[in-house]
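Colleague: sharing a model that was predicted from the sequence below.
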Amino acid sequence: MLRPDGYRSMADDVAVLHVVAGLHPRSGGTSRVVVDITDALAKHCHIGIILLTQSRVNDETVASATAEVRRVVAASRSGLAMTFGLPFRDTLNRIMSADRIGLIHNHGLWHPANHWAASAGRRYDVPLIVEPHGMLEPWALHHKAWKKRIAMALFQRLDLEAAKLLIATSIVEYRNLRKLGFRQPIAIIPHGVVMPSLSAPDVAMPAPLGRERIALFLSRVHPKKGLLNLVNAWANLAPRGWKLRIGGPDESGHLEDVMRAVQEFGLGDSVEYMGEVEGVRKSVVYQRADLFVLPSFSENFGVVVAEALAHGVPVITTRATPWEGLLDHGCGWWIEPTIDALTETLREALDKDAVDLRAMGERGRAYAAEFDWSHIAQQTQDAYSWVLAQGPKPECVVLD
């Protein structure tokens, strides 16, 4: 079928296959992002979407918000089989044989499931798009580096070079991909955010006199997130009238290190770990915060920054994240990932009155609207059309 612009559109019975090694809620931001982009593509662009993942039998996966995405979960009781992506591989082969797949969008790296998807693209002559989700950023490459060097030599570089298009979420990630020698086209498409409806009492009304003010960290409790720096900076200030609330799943036992530091600094009364925070509770936690802090050593995007802005919360984050726009839009601080920089910036932020912070938050919410998922879905669809020679090269695709 010819579109009005003269390009041929994808046939109704042809689908885009999105693949990801796991969708457990504890797998980090990638799980939520993959579900959100497939939901948005199905809802706003009316593309046939199949989302393939693997999971242990009866394990939880992040839920879709639409029934228009065909979710396929390769379930297994064997942890060993999942380690090698065997349930995924078998289900993938059945899909490739039975369905008309026009494109494979491969989310993430290193896992055998991602390799099986790249192999299927070559075997069935289906164009492959790879979105690394920050897994080739310098900090990420140095974490468990020896395993990644082996994987790169065995299969990962070949799989990446086979991609017709790479997707980076920021100009920083784009530059790092080029530094690694990948020369194919790269689309720079940020992750999106669901813009919440905010209740007037939480956002517009002044804080009750004497209410304890909240600085919030909400992400995985993982060494790369810089939480120990945050605890050190908080101890340097010992701010009165403020509480630091930490939320998110513990990874690699790092929570024990963080809470040990909290106790050693005598911060038990001003630092609280809330556990994992999801769903409606997550939105409530954002709305009750006066300030959001993500002191990461590495982020290809940082979905939680966009979420905080969407909830009208000003943000402190580091130059190891692609959020220079906080300065441009007057809604936060973009600083070096050091204890000293974090201490001085927190001092400035915590000294601001509620009216000033609320004004910064309102500017941040306007900025966050740029990342609405409908816009991100359209950019992604345009990139798909170009790869399939069904549309012109979109502005988000960089050739050099």
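Modeller: That came through, no problem.
Colleague: pLDDT weak spots in the stretch 151-300 of the chain?
Modeller: 199-210 (pLDDT under 70).
Colleague: what segments of it are strands?
Modeller: Using DSSP state E, counting those that start in this stretch, the strands of the stretch 151-300 of the chain run over 165-168, 186-188, 213-218, 242-247, 271-275, 291-294.
Colleague: can you check the stretch 301-400 of the chain too?
Modeller: Using DSSP E, counting those that start in this stretch, strands in the stretch 301-400 of the chain cover 315-318, 332-335, 397-398.
Colleague: what's the average pLDDT for the second one?
Modeller: Looking at strand 332-335 alone, the average pLDDT works out to 98.
Colleague: what do you get for the first one?
Modeller: Predicted confidence along strand 315-318 averages 98 (mean pLDDT).
Colleague: ok, it: who's next to it in the sheet?
Modeller: strand 291-294 (parallel), strand 332-335 (parallel) (DSSP bridges).
Colleague: most packed of the ones you listed?
Modeller: strand 291-294 (a mean of 26; mean count of other Cβ atoms under 10 Å). C-betas here are computed from N, CA, C, even on glycine.
Colleague: now that strand: how far from the chain's centre is it?
Modeller: 16 Å (Cα atoms, centre = their mean, to the nearest Å).
Colleague: make JSON lines from the strands paired with strand 315-318 and add distance to His222 to it.
Modeller: JSON lines is the format used below for the strands paired with strand 315-318 (distance: least, Cβ to Cβ, whole Å):
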{"stretch": "strand 291-294", "distance to His222": "12"}
{"stretch": "strand 332-335", "distance to His222": "20"}
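Colleague: if we can go back for a sec, in JSON lines: the strands of the stretch 301-400 of the chain, plus distance to Val172.
Modeller: JSON lines is the format used below for the strands of the stretch 301-400 of the chain (distance: least, Cβ to Cβ, whole Å):
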{"stretch": "strand 315-318", "distance to Val172": "12"}
{"stretch": "strand 332-335", "distance to Val172": "12"}
{"stretch": "strand 397-398", "distance to Val172": "13"}
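Colleague: so which of those strands gets nearest Val280?
Modeller: Closest to Val280 of the strands of the stretch 301-400 of the chain is strand 315-318 (Cβ to Cβ; 21.8 Å).
Colleague: so what touches that closest one?
Modeller: 226, 291-297, 299, 302, 305, 308-309, 323, 326, 331-337, 341-342, 345-346, 349, 364 (Cβ atoms under 8 Å, 6 or more residues apart in numbering).
Colleague: what about that strand, distance to the chain center?
Modeller: On Cα atoms, centre = their mean, the centre of strand 315-318 falls 16 Å from that of its chain.
Colleague: alpha carbons of it, in CSV - could you do that?
Modeller: What follows is strand 315-318, C-alpha atoms only, in CSV (Å, rounded to 0.1, in the frame of the first residue of the first chain):
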residue,chain,number,x,y,z
VAL,A,315,16.4,17.5,40.2
ILE,A,316,20.1,17.2,41.2
THR,A,317,22.0,14.8,39.0
THR,A,318,25.5,14.4,37.7
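Colleague: quick one: buried residues of it?
Modeller: Val315, Ile316, Thr317, Thr318 (16 or more other Cβ atoms under 10 Å).
Colleague: any idea which of the strands of the stretch 151-300 of the chain is most buried?
Modeller: strand 291-294 (a mean of 26).
Colleague: still on that earlier bit, distance to Phe84 added to the strands of the stretch 151-300 of the chain, as JSON lines?
Modeller: Compiled in JSON lines, these are given as follows (distance: least, Cβ to Cβ, whole Å):
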{"stretch": "strand 165-168", "distance to Phe84": "25"}
{"stretch": "strand 186-188", "distance to Phe84": "30"}
{"stretch": "strand 213-218", "distance to Phe84": "33"}
{"stretch": "strand 242-247", "distance to Phe84": "33"}
{"stretch": "strand 271-275", "distance to Phe84": "32"}
{"stretch": "strand 291-294", "distance to Phe84": "34"}
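Colleague: and of these, who's closest to Val355?
Modeller: strand 213-218 (12.6 Å).
Colleague: quick one: list the elements packing against that closest one.
Modeller: strand 242-247, helix 279-288, strand 291-294, helix 303-310, helix 339-351 (3 or more Cβ pairs under 8 Å, 6 or more residues apart in numbering; DSSP states H and E).
Colleague: let me have these in CSV, extended by distance to Ile171.
Modeller: Below are the helices and strands packed on strand 213-218 laid out as CSV (distance: least, Cβ to Cβ, whole Å):
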stretch, distance to Ile171
strand 242-247, 29
helix 279-288, 27
strand 291-294, 19
helix 303-310, 16
helix 339-351, 22
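Colleague: out of these, which gets nearest to Ile129?
Modeller: helix 303-310 (19.8 Å).
Colleague: Cys396: which of the strands of the stretch 151-300 of the chain is closest?
Modeller: strand 186-188 (4.9 Å).
Colleague: run the chain-centre distance for the closest one.
Modeller: 16 Å.
Colleague: mind listing the strands that strand pairs with, and their directions?
Modeller: Partners of strand 186-188 in its sheet, by DSSP bridges: strand 165-168 (parallel), strand 397-398 (antiparallel).
Colleague: would you reformat these as a markdown table and include distance to Thr83?
Modeller: Listed next are those as a markdown table, based on distance: least, Cβ to Cβ, whole Å:
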| stretch | distance to Thr83 |
| --- | --- |
| strand 165-168 | 26 |
| strand 397-398 | 35 |
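Colleague: of all the helices and strands packed on strand 213-218, which one is nearest Asp13?
Modeller: Here helix 303-310 is closest among the helices and strands packed on strand 213-218 (Cβ to Cβ), at 32.9 Å.
Colleague: any chance you could list what contacts that closest one?
Modeller: 29, 32-33, 191-196, 216, 218-219, 282, 286, 289, 292, 294, 299, 315, 317, 321, 323, 326, 331-332, 361, 364-365, 367-369, 371.
Colleague: could you list the domains of the chain?
Modeller: 14-192+372-398, 200-370 (automatic domain parsing).
Colleague: now the end-to-end length of the first one.
Modeller: As for domain 14-192+372-398, its first-to-last residue distance stands at 26 Å under the measure Cα to Cα, to the nearest Å.
Colleague: now swap in stretch 254-272 and tell me
Modeller: 15 Å.
Colleague: now that stretch: buried residues?
Modeller: His254, Leu255, Val258, Met259, Ala261, Val262, Phe265, Leu267, Ser270, Val271.
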